[in-house]
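Enquirer: Show me the folded form of this:
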Amino acid sequence: MKSILRYIYSKLRILSPFVYYLIQYKRAAIKLDRTGGNVQYKKIFEEFIESCESKSCLQIGVKDNVGKKYGSNWVSVDKFDMRDFIDYHYDIHDLPFENESFDAVVCISILEHVPYPLKAISELKRVLKPGGKIWVQLPWLYPYHEAPKDYWRASPDGLRIWMEDFKEISCGIDLWDETYFSIATYFYGEK
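Expert: Now for the predicted structure:
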C-alpha cells in the first residue's frame, strides 16, 4: 500500500506541483504545530503580557493592529514610527538605556527590518534584567515589505540560534486562522 501511495505522490509532484507543495507545506506545519498552534501562541503571549503588570518593560515597535503600548509601565521605542505614544526614536542596535533596566522586553515585527539582528538581540539582552523575560517575533509567510528595508525571516529553529543566550520558555509559530499557513515565528525566553 505504501508503495502505491508513494507512486501516486510522485506523479502528483509532476502533474500538479502546486497541490504537491500544499501537501508538503501542511505536513511541515503539522510538525511545527506540536504546541497547539494559534490557541497556545495567543494564550502564552497574553499570560506573558499580564505577568508584566507593574514591572519596568520595553516595547520595541508597536504593531498597527495593537495601536498602543501594552500599558503605562511600558517604554515604547521605534526608530521610524512617529506616532505620539512612541516614547523614543532610538536605533535598536544602540539603545541608550542602562544595563539591566527592564524586567521584560517585547520585540514584534522589527528584527526583519534591522541589518544586524544579532547585534540588536545583544542590545535587548543587555538592557534586560537577570531573570527578565523576552518575546521576539518575526513574520514568516508574509510579503516583502520595505519599511524601510526587509532583510530577514527566521524559522523557529533559526530563532533558537539567534536567541541562544536565553533560556527558552516557548518557541513556535503563529498560524493564520483556521489554516496551516504559518504567518509568524516567535521566541519566548528568560535571561
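Enquirer: contacts and neighbour counts: CA atoms only from here.
Expert: Will do.
Enquirer: how does the chain divide into domains?
Expert: Split into domains by automatic domain parsing, the chain comes to 1-32, 35-190.
Enquirer: Buried deepest among those domains, which one?
Expert: Per-stretch averages of neighbours, counted by mean count of other C-alpha atoms under 10 Å, single out domain 35-190 among those, with a mean of 17.
Enquirer: any weak-confidence spans in this protein?
Expert: When residues are selected by pLDDT under 70, those of the chain lie in 9, 12, 21-22, 25-39, 64-65, 175-182.
Enquirer: Is residue 144 in a helix, a strand, or coil?
Expert: Local secondary structure at residue 144 is given as coil here, using DSSP: H, G, I helix; E, B strand; the rest coil.
Enquirer: ok, for it, nearest residue in space, not its chain neighbours?
Expert: The spatial neighbour of residue 144 that comes closest, neighbours along the chain excluded (C-alpha to C-alpha, 6 or more residues apart in numbering), is residue 150 at 6.4 Å.
Enquirer: Could you pull out the helices in the chain for me?
Expert: Listed in chain order, the helices of the chain (DSSP state H) span residues 2-15, 17-32, 37-51, 117-127, 156-162.
Enquirer: Looking at the ones you listed, spot the one closest to residue 67.
Expert: The stretch from the helices of the chain with the least distance to residue 67 (C-alpha to C-alpha) is helix 37-51; that distance is 15.4 Å.
Enquirer: Now the residue nearest to the spatial centre of the chain: closest residue in space that isn't a chain neighbour?
Expert: What sits nearest the mean C-alpha location of the chain, by C-alpha atoms, centre = their mean, is residue 137, with 1.2 Å. Spatial nearest neighbour of residue 137, chain neighbours left out: residue 186 (4.2 Å); criterion: C-alpha to C-alpha, 6+ apart.
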